[in-house]
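> generate coordinates for the sequence data below:
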Amino acid sequence: MRIKRKDGSGKWYVSCFVEEHNHKLAFGKLVDYLRSHKKISKVEVAQLTSMREIGISISKIYESFAAQLGGFNLRGLQGGDINAAIRYFKGLAPMDGKKFLRYKVGAGQHLCNLFWSDGRCQEDYLLFSDVLAFDATYDRNKYNLPIVVFSGVNHHNQTCVFGTAMVSCESHESYIWVLE
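Model prediction:
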């Protein structure tokens, strides 16, 4: 959909609409995660702006905001929390029949490894997998787990993600699990 402003009137109109590019609406529980539904207060914007101005990175600001709201600790998740995370991914499956999820739970019901890929990622892989980048050097996520990204480049020279994983440790065994 392309929306334009009418000259002089200040009103907006739909100038182009392509039905084939449409998709299903977001599942009810996921609506709050859409960019259009995320709200940030003026106080939080001021805090974020001042942190950026003194040179704090976006990722560190995000960690700071998360800590203020209770923090994250995937390594310390207990059975109920692990089950909630798995239910979340499985809940996405009806919206995407090609959703792939694989996980490994270790001793004490700690989530060790997690791999996921959706239909779009898999379609991109079928089209653009002649070069596959396996990047485990990016950073650790907000749960302090290494993130592994499988990616490639499409015909527009844009990066496309084929799959993503989190591993509990950067061991030989963890990477064998992820690559399988």
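
> domain-wise, how is the chain divided?
Listed domain ranges for the chain are 2-69, 79-179 (source: the TED database).

> mind listing the strands for this structure?
Using DSSP state E, the strands of the chain run over 2-5, 12-16, 100-105, 111-117, 133-135, 147-153, 159-167.

> is it possible to get JSON lines of the ones you listed that adds mean pLDDT, distance to Ile54 and mean neighbour count?
No exception for glycine: its C-beta is placed from N, CA and C like everyone else's. Converted to JSON lines, those look like this (pLDDT from 0 to 100; distance: least, CB to CB, whole Å; neighbours: other CB atoms under 10 Å):
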{"stretch": "strand 2-5", "mean pLDDT": "87", "distance to Ile54": "37", "mean neighbour count": "10"}
{"stretch": "strand 12-16", "mean pLDDT": "88", "distance to Ile54": "38", "mean neighbour count": "10"}
{"stretch": "strand 100-105", "mean pLDDT": "85", "distance to Ile54": "39", "mean neighbour count": "16"}
{"stretch": "strand 111-117", "mean pLDDT": "83", "distance to Ile54": "35", "mean neighbour count": "20"}
{"stretch": "strand 133-135", "mean pLDDT": "85", "distance to Ile54": "30", "mean neighbour count": "12"}
{"stretch": "strand 147-153", "mean pLDDT": "87", "distance to Ile54": "27", "mean neighbour count": "18"}
{"stretch": "strand 159-167", "mean pLDDT": "87", "distance to Ile54": "31", "mean neighbour count": "19"}
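
> most tightly packed of the domains of the chain?
Of those, the one with the most neighbours on average (mean count of other CB atoms under 10 Å) is domain 79-179, at a mean of 15.

> could you find the closest non-adjacent residue to Ser64?
Met51 (7.1 Å; CB to CB, 6 or more residues apart in numbering).

> ok, now Phe100?
Counting by CB to CB, 6+ apart, the residue nearest Phe100 is Ser117, at 4.6 Å.
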